Structure formats: structure tokens, C-alpha cells
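>>> no sequence for this one, just the structure:
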């Protein structure tokens, strides 16, 4: 079996700029030019809980990094580099090559190199821990959850619901046609982090969050942290066109309470609508106005007829329910 | 059972300076004043492999952070903050309180707050992943493994061997008296990261590494990366005084090939001996000159009589052997 050091050299030695010290020393060293603030986030992914044991390793590598780049995007940060901790039962060269290919490939698209980490052996579940680092310009608070203001529009990037329908179809919880599953699966497995949008929102948006646990729950975090309430209009939700054949209430439920979309939900004053319309064109990404922040508390969801809706499932909490129990 | 968000608020909400954004948003945000380089390292610790299932949770929290602060120290970096990923089977309040107390307490001593992370549930082994962030002044390369030069003295901080003897005694591999075990256990469980020393070595030392896998193996990394060889004199090894009653060859073996000491091994030109003598007094920490870097390759170990020694065990590689197999 390959030793730890050969394994790192073979699979996890990314190209880094000449002023960056990557994998191979006690720690990584990265210059942070033009910035005085570091942004950092971390996710821990467990086999059987966050991904299926037979998942395609290339998409797993992609997703493990994508969810962290998505967190950076939700802060408005520019990616700087990332560290990978991985616990494996055995060293399978094909699996590792595909995994690191998916991860490193995504990182390169965002000029975000793999700069360090740790590899260990486990007896049980495979463990993947990614820490992504980014920067914010001096004086920028970033797009905080606590920054929503009454009167702000609530916006969502891209389309919602496809990732949840794919997961639900793969788990056999929802009857989904083979065509629909084939079409939606990429949203679940290789989500696109909205990195450019996040940075462009600095100076335009107030609060932002990425939608990992479902729009209702993630918007709920913004409301809680900002001490505000909100009205959310189902008629304005950007339902994924790939879900067209499914019952409308299922589409809406997926958009509201399904996780894994990794689109951005953000709030901005009405005076920024024109800016956001232009930004949508620049980024080539739909931006939909789905509601409004108001004084008070609580999330008031209006159905497609404008009537108040009851929300039963409002998302996902790791210590209450997990991917296998949904 | 506590939910994920309550768990984080309850146990992992550290005090952070007012210009820092800690736990609770998409990512952490930390100012990096007076620095243009970020240093980052990451460790993944697995129950049964890196720590015993019945380990005291307070010492586990301490050690999980200490090994990362030690990596920062080995780069000469100033600690900035850290992120914690933790995978638990269940939420046990007493365990979590002790764990976070040990971790957060150590961080505070180094003005290094817990700023973010992730908590998940596992079915198998407990997983702990810490990422520590630090800074280096502009233009500083840090203390790199590749920077040793022929003629450099080889130095070691503190004393060596106690952590390995404690581990070996606990595992029943070595016969160790109850008194000796009681005296050495803290080296294994609550090692002291040499953070002040690391920063003070900038401008004095060339190469540095922290001794996690044993002096011989870790010095070997410096030699490999620097393209040099070395002579190491056993007669000059700083054997831990707590090992006095043990056979000398066992003490020397523990110092050379035992892991977990988390002292710094560094190289410096002979012209810096006076500086290092002063630094030893300032830091209140023994610094011992144990050998010399030379041209060529390979580690030449001289026994206490100055004769060349054969090294059989040269350390620890996670994908070859693990804590249970030693």
C-alpha cells in the first residue's frame, strides 16, 4: 500500500502560484494581497450521511469543495485556497485519482488551489473535511446573515428544487422518471458555487446565505440573525424548469424545504433592482425577487394564490435527522 | 437531543475580538493586520487511531488544537484563529463541555479564538478536524523544511521521549512504573505548542519542523526537502529527566523514533549560537544542539560512544502503521 507521504504527492499535490507554499511543509503559506481580512469556512462530510458509499468519486471531490466555495460566495469573499483532510479505509488509486480530479479541477476554475491538509486511515465511514480560505477587501464586513433590513427585497439566484428531487428520487422517497433523474442529478452531485455573484454583491446586497438546507430554513437564519420577519411568495419562486412534469406542490415543496441547491439567497434594498438586473446579465444567472423583509419576526409564506401557507418541514438539522432518515 | 445549532451555540461559541466574525455565519472573517500572508494547517484525528475511546475529553480538546498550533509554530507563524469540524455519535453534554473547555482554554492562552466549523453525526469513530490559521509578516518565507544549509547546527527544543514512553506504557508495550506513567502522561495528552519560540526563530533559524512522528523521521523530512545530510549525536539528545529510571537505550530510542513530543527541531548557522542561548532564557525553554547539517544525503546517527547506529524504526506513517499497531 502507498504510504501517507506518497499518497499526498501522488494525488493531492496541486499547482500553486510561485509565491504560495502548498502541500508538503508544516503548514501552507498564501499571500493575501490587497486584503486585510481572511474568510474561512469548513465542512465535514461523512460517508452514508452526506454522500452515498457508491457515489462517483469525481462528483464527490467536486461537491466537497463546492459546498465550501459556496459558503465563501455567501460572504462575498474571493477564494484563496483550501485544505483537505481525508480519512480512508484503503488506498484505491482509481478512486483517489477521480476524487482529486473532481476537486482540483473545480478549484482551478476559481483560482483556488489545494494548499495543504492531512490524510489518515479510518476503520469506519470515509471522512472528508474541506476548509476553504478567502479574502475580503479592507473595511468590508462581507455579506452577513445579520444585515437584512425591513423593506429589503429577498432574492434567489438560479433555480431551486432540482437537487432535492434528485436526492429524493435516488432514495426512492419520490417517484421520479428516469429522464427527470438524469436531468436533475447534476444539481445534487456537482452544484455550481456562485463565487462571482457573491463578490459582485458586495456593495449591493445587505444579507446573504447559501441555500444548503432549504430556502425556508436558510432564509430563517437571516431573519433570526437580523431580528426581522419576511413574506415569501411561492408564485415568484424560480422553480427549476427540469421539474416541469412534476406536480406543482411537489416542486414548491422542493424549492422551499429541499436542501443542496447551493444557490444564494440575499436581501437588497429596492433601489438596487436595476443593478441586480444588470448583474444577472453579466453573470449569466437568473436572479429572482421572491419576497420582502419586514419588521417583526417569522417567515410568512404565501401560496400561489396569495394565501398563507403552513410549513411543516423547514429543513435539515444534522443532530435531528440525516440524509438516510429523510 | 440538542440540535446542531444549539450544540454550536452551547459549546463552541468562543469570545472573539470585536473586529472578528466568529461562529454563526457562512464563514468566519478575521482581520490580518500587519501581515500579508496567511498560514494554514489542518489535522484529522480519528478515535481509536489517534486517541483512545476513553480519553479524557478535556485533554483531547487541548491536544487536537495543540498539534495544529505546533504546526503554526514550526512555520514561525502567529496564531490567528481556528475552525473545528467534529463528528459525534451522540451529544453528551459533560463530554462536550470538557472537550470544548480544553480546546478553547488552550486557544485563549495564545489569543487564538475558535471562529467557525461544522458539527455532524457519525455512526462509527469520533472524528475531530481542526484547521488553524496564522499570519507571517510580509516578505517572510517562514521556517521551511527546505531551508537547511550544510554547516547548520541542528537544535531541539525542550526534552524528548516522555510522550512516547507514556503511550507505550498505556498500550502495555513497555513496562513503565505507575510513577513514571503519571509523570509523563501530560506530555502525551497535553503537549505545549512552542508558539513563542517559533515566532522568535524568524530571522535566526533556517529550517524547522515540529516533532510529531519522531525526531529521526521529522529531521529526515528536513534533509529530504533541503537536499542535505546530517549527523545526529545521541550523547547530546535532551532526554526527558522524567525517564531517568529507564534503561538508557530505551530513552534514546524514545527520543529518536517516538512521536508526539511536539517540540521544534530546527537548523541555524553556528553564528546564531549566542542568539539562541539568549532566546532559551527569554522563552524559559531548553534548546539543545544535537547535530549538524552536511552536504550529501542521509541521517548519520552516532551512539553515545560516537559510533554509527542503525535505525530500524524511523517513525510513523498513517497508511502503513497506526497507533493500535505499534
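Sure thing, it's come through. Computed from a prediction, not measured in an experiment: that's the story for all the values here. Numbering: from 1, shown residues only, chains lettered A, B, ... in the order given.

>>> if you skip the residues just before and after it, what's nearest to the spatially most central residue of chain A?
The residue lying closest to the centre of chain A (C-alpha atoms, centre = their mean) is residue A:262, at 3.4 Å. The shortest distance from residue A:262 to any residue other than its chain neighbours is 4.0 Å, reached at residue A:191 (C-beta to C-beta, 6 or more residues apart in numbering or on different chains). Bear in mind the C-beta positions are built from the backbone N, C-alpha and C, glycine included.

>>> which SS state does the one you found fall under?
Per DSSP: H, G, I helix; E, B strand; the rest coil, the local secondary structure of residue A:191 is coil.

>>> list the residues that contact it.
Residue A:191 is in contact with A:63, A:66, A:67, A:70, A:163, A:260, A:261, A:262, counting by C-beta atoms under 8 Å, 6 or more residues apart in numbering or on different chains.

>>> follow-up on the earlier one: which SS class is the residue nearest to the centre of chain A?
When classified by three-state DSSP, residue A:262 comes out as coil.

>>> quick one, strands of chain A?
Secondary structure of chain A (DSSP state E): strands located at A:28-31, A:37-46, A:78-88, A:114-121, A:127-136, A:153-157, A:208-210, A:229-233, A:264-268, A:287-294, A:298-302.

>>> for those strands, which has the smallest mean pLDDT value?
Ranked by mean pLDDT, these bottom out at strand A:28-31, which scores a mean of 85.

>>> can you list the residues that contact that strand?
Contact partners of strand A:28-31, identified using C-beta under 8 Å, 6+ apart, comprise A:19-22, A:80-81, A:83, A:115-116, A:133, B:36-41, B:75, B:136, B:141-142.

>>> what residues does the stretch 151-300 of chain A put near chain B?
Contacts of the stretch 151-300 of chain A with chain B, taken as C-beta under 8 Å from any C-beta of the partner chain, map to A:208, A:209, A:210, A:225.

>>> what's near enough to touch the third one?
Residues near residue A:210 by C-beta under 8 Å, 6+ apart: A:70, A:71, A:73, A:74, A:193, A:194, A:218, A:262, A:263, A:264, A:265, B:26.

>>> repeat for the first one
Listed by C-beta under 8 Å, 6+ apart, the contact partners of residue A:208 are A:74-76, A:143-145, A:198, A:201, A:222, A:264-267, B:26.

>>> how near is the residue in chain A that chain B sits nearest to to residue A:100?
Going by C-beta to the nearest C-beta, chain B is nearest to residue A:124 of chain A, at 2.5 Å. Note on residue A:124: its distance to residue A:100, by C-beta to C-beta, to the nearest Å, is 22 Å.

>>> repeat that for residue A:41.
21 Å.

>>> the more surrounded of the two?
Shown here are residue A:41 and residue A:100; by other C-beta atoms under 10 Å in any protein chain shown, residue A:41 has more neighbours (30 against 21).

>>> if we can go back for a sec, just to check, the residue of chain A closest to chain B is in contact with residue B:122?
Yes. Contact status for residue A:124 versus residue B:122: in contact at 7.4 Å, counting by C-beta atoms under 8 Å.

>>> show me which of the two is the more surrounded one.
Neighbours per residue (other C-beta under 10 Å) separate residue A:124 from residue B:122, with residue B:122 holding more: 22 against 18.

>>> now that one, nearest residue through space, not along the chain?
Per C-beta to C-beta, 6+ apart, closest to residue B:122 is residue B:87, 4.0 Å.

>>> the one you found and residue A:46 touch, don't they?
Yes. Judged on C-beta under 8 Å, residue B:87 makes contact with residue A:46 at a distance of 5.8 Å.

>>> looking at the contacts of residue A:210, which gets the smallest pLDDT?
Here the lowest pLDDT out of those sits on residue B:26, with 83.

>>> from residue A:132, how far out is that residue?
Residue B:26 sits 11 Å away from residue A:132, going by C-beta to C-beta.

>>> spell out which residues are contacts of both of these two.
A:41, A:71, A:72.

>>> got CSV for those residues, with distance to chain B too?
Below are the shared contacts of residue B:26 and residue A:132 laid out as CSV (distance: C-beta to the nearest C-beta, whole Å):
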residue, distance to chain B
A:41, 4
A:71, 4
A:72, 6
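
>>> just the closest of these to residue B:254, please.
Using C-beta to C-beta, residue A:41 comes nearest to residue B:254 of the shared contacts of residue B:26 and residue A:132, at 39.7 Å.

>>> pretty sure the closest one contacts residue B:21?
No. With contact defined as C-beta under 8 Å, residue A:41 does not reach residue B:21; the gap is 11.2 Å.

>>> what about residue A:16, distance to residue B:55?
From residue A:16 over to residue B:55 the distance is 36 Å, taken as C-beta to C-beta.

>>> OK, contacts around residue A:241?
Counting by C-beta under 8 Å, 6+ apart, residue A:241 has contacts residue A:159.

>>> what's the pLDDT at it?
We note a pLDDT of 96 for residue A:241 in this prediction.

>>> cool, and residue A:34?
69.

>>> do the same with residue A:274
For residue A:274, the pLDDT comes out at 98.

>>> and it, how many neighbours?
Residue A:274 is flanked by 8 other residues according to other C-beta under 10 Å.

>>> also residue A:20?
Neighbour count of residue A:20, defined by other C-beta under 10 Å: 17.

>>> OK, contacts around it?
Residue A:20 neighbours (C-beta under 8 Å, 6+ apart): A:28, A:29, A:30, A:31, A:81, A:113, A:115.

>>> mind redoing it with 10 Å?
Residue A:20 sits next to A:14, A:28, A:29, A:30, A:31, A:80, A:81, A:113, A:115, B:37 when contact means C-beta atoms under 10 Å, 6 or more residues apart in numbering or on different chains.

>>> now for residue A:124 and residue B:122: what residues contact both?
A:46, A:47, A:48, B:47.

>>> just list whatever residues bridge to the last one.
Note on residue B:47: beta-bridge partners residue B:51, judged by DSSP bridges.

>>> that one contacts residue B:57, correct?
No. Applying C-beta atoms under 10 Å, one finds residue B:47 not in contact with residue B:57, separated by 11.5 Å.

>>> what do the two both touch?
residue B:126.

>>> need the residues touching each of residue A:41 and residue B:21.
Both residue A:41 and residue B:21 are contacted by A:75, B:27, B:28, B:115, B:116, under the criterion C-beta under 10 Å, 6+ apart.

>>> out of the residues you listed, which one sits closest to residue B:155?
Proximity of these to residue B:155 (C-beta to C-beta) peaks at residue B:115, which lies at 33.0 Å.

>>> please report how far that closest one lies from residue A:27.
Residue B:115 is 17 Å from residue A:27, where distance means C-beta to C-beta.

>>> what sits against residue A:148?
Counted by C-beta under 10 Å, 6+ apart, residue A:148 has contacts A:154, A:205-209, A:219, A:222-223, A:225-230, A:266-268, A:293.

>>> domains in chain A, as residue ranges please.
Following the assignment in automatic domain parsing, chain A carries domains at A:4-17+A:33-136, A:145-302.

>>> and of those domains, who's closest to residue B:307?
With C-beta to C-beta, the closest approach to residue B:307 among those belongs to domain A:4-17+A:33-136: 30.0 Å.
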